[in-house]
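Novice: need coordinates for the below:
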Amino acid sequence: MGYLATALNPGELVVEIQVPHLPPRTGVAFQKFERRAVDLAVINAASKIILDAKDKCSDVKIIIGGAANTPIRLSTAEKMLIGNIPDKDTIAKAARTATDIETVTDIRSTAEVRKRWAEVAVKRTLEEAFKRAKGGA
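Specialist: Okay, the predicted model is just below:
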């Protein structure tokens, strides 16, 4: 598997995708940066936060796409948030880990620009996911 490649063999077809129901106090968010709406993403990010009764993160998933040949999971940022209330400072610190990823330069963007936009996208998706997990749309 790699860039624009799947695990499907020739002649195979995906016929179903099952998406589990999200538990209560879960928030998800997605952000895409592109030059034009029809372009492939220069960078994108998706975040999921599950909160406990005290508004602390019990589970967090953060994925960045468009930065490299395959999506990148920000495990370090996830660990920073688990057990903590995702306030502005904690989210900003977690989002900064996106600048440590290996990115590519291509016709859409430079590696350095992708790192900066990844940080912004992660910060925005974490803020939105936290808001949604608390019950705000």
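
Novice: pLDDT score for the closest residue to P23 other than its chain neighbours?
Specialist: Leaving aside its sequence neighbours, P23 sits nearest to I50 (CB to CB, 6 or more residues apart in numbering; 6.2 Å). C-beta coordinates here come from the backbone N, C-alpha and C atoms, glycine included. On the pLDDT scale, I50 is placed at 98.

Novice: alpha carbons of the helix or strand containing I50, as CSV, please.
Specialist: Using DSSP states H and E, I50 sits in strand 43-51. The C-alpha trace of strand 43-51 is given here as CSV (Å, rounded to 0.1, in the frame of the first residue of the first chain):
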residue,chain,number,x,y,z
ILE,A,43,-3.0,19.0,4.0
ASN,A,44,-5.9,17.7,5.9
ALA,A,45,-6.6,16.6,9.5
ALA,A,46,-9.2,14.7,11.3
SER,A,47,-9.6,14.5,15.1
LYS,A,48,-11.9,12.5,17.4
ILE,A,49,-12.2,13.2,21.1
ILE,A,50,-14.2,11.2,23.7
LEU,A,51,-14.7,12.9,27.0
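
Novice: next secondary structure after it?
Specialist: Remark: after strand 43-51, the chain's next helix or strand is strand 57-65, criterion DSSP H and E.

Novice: returning to that earlier point: which residues does the residue nearest to P23 contact?
Specialist: By CB atoms under 8 Å, 6 or more residues apart in numbering, I50 lies in contact with 23, 25-26, 57-60, 133.
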